[in-house]
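Participant: coords please:
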Amino acid sequence: MKSANNNFLLYSCILIIAICLYSCKKDFLENADKTKLTDDTQWASEGNADIFLNDIYNNLPDLYNAPENLDNFTDDNDAGFYYGSWNFKQGIINPASTNYSIWGGDAGPADISRFNWTDAYNTIRKCNLFIQKIGENKDNFSDDWYNKRLDEVRFLRSFYYSNLFLHLGGVPIITEPQTRDDSTTLFKARSTYAETFNFLTSSLDTVVNNGYLAKKYSQGDPNAGRATLGAALMLKGWLELNAASPTYNSTSAPGGPDPNKVAGFGDVDQGRWAAAAATFKKFIDDYGNGAPYELFPDDSTLWFEANEYNSEVIWDRQYVPNTMGSTFEQYGGPVWINGAYYTWGNYDPTQELVDQFFMANGKAITDPTSGYDPQHPYTNRERRFYKWIVYDGAPYKMDWMTKEDTIYTRINEVNPSKNQIDFASDDVGNTGYYFKKKLNPLVRPGGGPASGANYIYFRYAEVLLGYAEAQNEVAGPDQSVYDAINKIRQRSNLPPLASGLSKDEMRSAIHHERRVELCFEGKRFYDIIRWKIADQVMNVDKHAMKITNTSPADNSGVWKYEVVPLNHPHVFNMKMYLNPIPQPVIAQNNKLVQNPGY
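Facilitator: Here you go, the predicted structure:
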């Protein structure tokens with residue numbers, strides 16, 4: 001559980017409810033009450049200015065309180081038909097839509113939890129205003145506070161911009177707080193993809209090179225949850241990895257002609273892979289190997305409240321039980337537990353994802369020497385499979401439960417289970433699987449925002465995976481590539497990769513490892529987009545595991561495992577590699593150009 005001294009977000013939340021942070025009425029000018037701050041008093045002290053900054057932190061994507069998530073927009077998860085991802089998987093993205101709701105929204109995946117244009121630019125304006133105001137009132141602050149807070153907000157502004165950039169490409173770069181009174185600067189054109197990328201990486205370089213921020217904060221530190229040097233360098237590497245990838249590091253855009261170069265660079269440069277590799281190597285050399293970042297020993301408990309800010313956590317969003325808690329556990333995991341209804345069943349791995357998990361001997365199930373038996377598919381699989389996936393016959397026990405349950409998804413006419421796959425429109429999953437990675441074992445689903453486990457945006461495993469991918473593209477599978485991947489495999493009790501892999505074979509191995517290690521962490525969507533494979537993997541039906549007995553009347557036969565199609569929407573058009581700029585925004589600003597294909 002979090003102690004009171006490290007929850008600056010909790011403090012800010014209580015105050016934000018009662019205050020207008022920068023546009024209060026004039027009759028408050030003489031009131032020193034911090035719940036009635038004015039533009040004058042807001043910047044009169046470090047404590048008052050921090051209240052404004054805490055509001056910026058409070059706008060971080062609240063991904064644990066949204067039943068819709070980016071994995072729903074991929075081939076890894078099969079969620080409900082009532083979500084926006086169901087429309088997306090039918091090929092529906094409506095540029096004219098202002099429906100940013102997760103409930104049947106048709107504006108696309110860029111609009112999940114403050115990723116959308118309006119919310120992002122509102123927060124970016126707050127970042128710009130903070131930078132302006134602390135500069136104007138610098139005499140009110142110590143040099144140490146000023147330098148740290150300035151770089152924190154440089155990072156936060158880059159983080160909010162990056163969410164737009166990854167979904168939309170080049171966007172208008174605004175670095176000063178605009179007002180409606182100045183119409184000459186209010187409407188700005190989109191920057192090119194390259195210009196946006198260079199602005200973000202340059203801003204992050206400034207933060208890293210200044211060195212004012214801590215490398216990392218540990219649990220119990222009163223500043224835990226604030227931006228760090230590790231977060232800035234990781235975000236830079238992540239942006240570089242995306243920019244170096246085939247979709248953007250290309251002479252053409254997937255959606256069609258791109259004369260304004262807003263959807264990609266418009267050329268190919270192998271040096272972009274080298275830049276990404278160098279950033280991740282700098283992270284490993286300067287911050288990794290335990291100084292202070294390294295892989296957490298247990299790949300299943302690193303998300304738990306007790307292990308917050310452990311050695312693997314780079315950047316996260318804080319939650320406080322019940323006050324600023326999350327309802328993540330309500331949305332997924334087994335629907336029925338010990339005969340009672342608990343969850344919405346939203347986290348349902350597809351057979352495509354389940355098949356990616358290795359055997360215990362480290363071999364893929366497609367390897368004829370792996371020992372995989374399609375009629376005993378859950379025998380001798382790797383450790384992560386048993387820790388993260390709930391399969392037919394899986395034991396299920398969380399700390400909040402009084403007794404262990406066994407989850408059955410098979411079709412059993414003699415002893416039917418309430419979790420039995422039915423391919424219908426209720427909450428029971430359609431794939432034959434549930435997911436338990438990241439679920440807080442302390443929290444009973446349906447108990448409200450009771451979870452205080454933080455949402456991790458980036459962790460050290462991504463540094464190793466990012467370095468291995470970029471370095472392999474630059475130099476092939478050298479020893480440093482093997483070392484990075486094998487560290488992750490070793491933690492999962494898997495043997496090292498086979499020696500002598502070609503560059504193409506290593507690329508496949510890295511993609512495979514990313515999909516397993518980072519499953520249900522919101523990264524698969526960006527990977528299938530940047531690797532330019534979304535039109536391949538999303539344009540085919542996904543599959544489930546149907547389990548029946550050959551003698552259903554009495555179960556005297558054998559249980560038969562059959563991979564069957566879900567017959568759910570699976571349409572992906574080439575323009576969908578990027579979201580559209582919202583048409584209402586273009587209508588207001590004729591300097592904006594639309595993304596290719598829309």
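Participant: Let me know the distance separating E517 from R383.
Facilitator: 12 Å (CB to CB, to the nearest Å). From N, CA and C alone the C-beta is placed, and that goes for glycine too.
Participant: And the two? Which one has more around it.
Facilitator: Taking other CB atoms under 10 Å, E517 and R383 do not tie; E517 has more neighbours (21 against 16).
Participant: Wait, the more buried one touches L465, no?
Facilitator: Yes - counting by CB atoms under 8 Å, L465 is a contact partner of E517 at 6.8 Å.
Participant: Name the residues contacting each of those two.
Facilitator: I488 (CB atoms under 8 Å, 6 or more residues apart in numbering).
Participant: Just the residues contacting the helix or strand hosting D286, thanks.
Facilitator: For D286, the element it lies in under DSSP states H and E is helix 271-287. For helix 271-287, the surrounding residues in contact (CB under 8 Å, 6+ apart) are 215-216, 229-230, 233-234, 236-237, 240-241, 243-244, 249, 265, 293, 463-464, 466-467, 470-471, 473-474, 480, 484.
Participant: where do the contact lists of E517 and R383 overlap?
Facilitator: Counting by CB under 8 Å, 6+ apart, the residues touching both E517 and R383 are 299, 492.
Participant: Among the contacts of helix 271-287, which lie within helices?
Facilitator: 229-230, 233-234, 236-237, 240-241, 243-244, 463-464, 466-467, 470-471, 473-474, 480, 484 (DSSP state H).
Participant: Q356 versus the residue lying closest to V537 once chain neighbours are set aside, what's the distance?
Facilitator: Closest residue to V537 apart from its sequence neighbours, by CB to CB, 6 or more residues apart in numbering: D75 at 4.6 Å. Between D75 and Q356 the computed distance is 10 Å (CB to CB).
Participant: What of P61?
Facilitator: 26 Å.
Participant: Helix or strand: which one has the spatially most central residue of the chain?
Facilitator: In the chain, the centroid-proximal residue (CA atoms, centre = their mean) is G522; its distance is 3.5 Å. For G522, there is no helix or strand it lies in under DSSP H and E.
Participant: check contacts around it.
Facilitator: 63, 69-71.
Participant: quick one: contacts for the nearest residue to F88 once chain neighbours are set aside?
Facilitator: Spatial nearest neighbour of F88, chain neighbours left out: F73 (5.4 Å); criterion: CB to CB, 6+ apart. Going by CB under 8 Å, 6+ apart, F73 touches 85, 88-89, 109, 525.
Participant: now swap in K546 and tell me
Facilitator: 411, 421, 432, 561-564.
Participant: P95 and F159, how far apart?
Facilitator: Distance from P95 to F159, by CB to CB: 25 Å.
Participant: meant to ask about V335
Facilitator: Applying CB to CB to V335 and F159 gives a distance of 35 Å.
Participant: got it, and D151?
Facilitator: From D151 to F159 the distance is 13 Å (CB to CB).
Participant: my read: S162 touches G237, true?
Facilitator: No - in this structure, S162 is not within contact of G237 by CB under 8 Å, at 11.7 Å.
Participant: Just want to know which of these two has more residues nearby.
Facilitator: Legend: neighbour count by other CB under 10 Å for S162 and G237, higher for G237 (27 against 20).
Participant: Can you check the pLDDT for G104?
Facilitator: You'll see G104 listed with a pLDDT of 88.
Participant: Tell me how many other residues surround the nearest residue to it once chain neighbours are set aside.
Facilitator: Distances taken as CB to CB, 6+ apart put Y82 closest to G104, at 6.0 Å, once the chain neighbours are dropped. Look at Y82: counted by other CB under 10 Å, it has 13 neighbours.
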